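# quick one: sequence plus predicted model below, questions after.
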Amino acid sequence: MTTFFTSRNKSEIEIPKSEIIRYFRLMKMKPGLLKLILRILKLTVILFFGISIFWVILYRFVNPPVTWLMITRGFERKSDGKDWKIDKKWIDFDDIADPMKRAAVAAEDQKFLDHFGFDFKAMERAIDKNAHSHKLIGGSTISQQTAKNVFLWPGRSYLRKGFEAYFTLLIEIFWSKKRIMEVYLNEIEMGDGIYGVEAASQAYFHKSASDLTNYQAAAIASIWPDPLKWSPTNPSNYVRHRQYLIRKNIRRLGPLDF
């Protein structure tokens, strides 16, 4: 038994010796436990960076087979009593009609070939408009959308936005603009269970994406903000106006040097 005295009345406080020994043992264990936690965190960070970089480099040469969005939509269809459907047909960049590439740039990201993944002026405009409107407007570039579609899960959160920025930087570093556009046009959602321009072209116009005209390419690009509600072949007045603006922007574009 060990005796301690208080400072005020000098009264004695008796603490069992076993408790004192236990306390000091715990004090010795804490630094070791902290080191273990730090080692685990360090290993986790190293693994994350290693796997993510390897994943991005792999997809520079290997075409992504499926995305989280496709799987999510598949389960949503099943829950609605529909058949599982992922209609996706890969088409190489050089086989995609030039109007489709131009329509993508005209509709989504006219500075695509000039920026390094981010269009900060477009982001500022989107933030300003969203502050004064109930309808959210996106300011994402084609690179950001590709990173989101290929590597991440659907939804909106600051966490996912952070990962989106990270993967956007990676694909801008390890992929060419040509590869980014190729993956983008092959993975983007085009309708209920329809993904990529080749599947969309076959579904809506019964032809290959290599044969799309300016009007057809603009029609496909016009539905990208909401492909589950909008139709390129039966457009509302709003979608028809989007198609007109896209065709107008196509004519304004200079040569696209991929």
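Now that the structure is in, tell me what you want to look at. Numbering: from 1, shown residues only.
# the helices in this protein, which residues?
Counting by DSSP state H, the segments of the chain that form helices are 17-61, 68-79, 98-108, 120-131, 142-151, 158-174, 177-187, 197-205, 214-221, 237-252.
# now mean neighbour count, distance to D114 and mean pLDDT too, for those helices, in a markdown table please.
The C-beta positions use only the backbone N, C-alpha and C, and glycine is treated the same way. As requested, the helices of the chain are exported to a markdown table (neighbours: other Cβ atoms under 10 Å; distance: least, Cβ to Cβ, whole Å; pLDDT from 0 to 100):
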| stretch | mean neighbour count | distance to D114 | mean pLDDT |
| --- | --- | --- | --- |
| helix 17-61 | 11 | 21 | 82 |
| helix 68-79 | 15 | 28 | 94 |
| helix 98-108 | 22 | 11 | 96 |
| helix 120-131 | 12 | 12 | 66 |
| helix 142-151 | 24 | 12 | 96 |
| helix 158-174 | 16 | 12 | 96 |
| helix 177-187 | 22 | 10 | 98 |
| helix 197-205 | 23 | 23 | 97 |
| helix 214-221 | 24 | 19 | 97 |
| helix 237-252 | 15 | 15 | 95 |
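# excluding its backbone neighbours, what's nearest G191?
Computed as Cβ to Cβ, 6 or more residues apart in numbering, the closest residue to G191 that is not its neighbour in sequence is P227, at 5.2 Å.
# burial count for the one you found?
Taking other Cβ atoms under 10 Å as the neighbour definition, P227 ends up with a count of 19.
# that one reaches Y195, doesn't it?
No. In terms of Cβ atoms under 8 Å, P227 does not count as a neighbour of Y195; the distance is 9.5 Å.
# overlap in contacts, these two.
Both P227 and Y195 are in contact with E189, where contact means Cβ atoms under 8 Å, 6 or more residues apart in numbering.
# quick one on the thing from earlier: adding distance to D92, write the helices of the chain out as CSV.
Conversion of the helices of the chain to CSV gives the following (distance: least, Cβ to Cβ, whole Å):
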stretch, distance to D92
helix 17-61, 13
helix 68-79, 20
helix 98-108, 12
helix 120-131, 29
helix 142-151, 16
helix 158-174, 18
helix 177-187, 7
helix 197-205, 10
helix 214-221, 17
helix 237-252, 22
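# pull the number of nearby residues for V66.
13.
# how near is it to V105?
Between V66 and V105 the distance, using Cβ to Cβ, to the nearest Å, works out to 26 Å.
# also K161?
23 Å.
# same deal with F48?
Remark: distance between F48 and V105 (Cβ to Cβ) = 32 Å.
# and the residue sitting nearest the centre point of the chain, what does it touch?
By Cα atoms, centre = their mean, the chain has its centre lying nearest to K148, at 0.9 Å. By Cβ under 8 Å, 6+ apart, K148 lies in contact with 140, 160, 164, 167.
# residue contacts, the last one?
Applying Cβ under 8 Å, 6+ apart, one finds that F167 lies in contact with 52, 56, 147-148, 150-152.
# how does the protein divide into domains?
Domain assignment of the chain by automatic domain parsing yields the ranges 18-62, 63-73+86-252.
# dump these to CSV, plus distance to D80.
Putting the domains of the chain into CSV (distance: least, Cβ to Cβ, whole Å) gives the following:
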stretch, distance to D80
domain 18-62, 31
domain 63-73+86-252, 10
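# if we can go back for a sec, and the residue nearest to G191, what does it touch?
189-191, 194.
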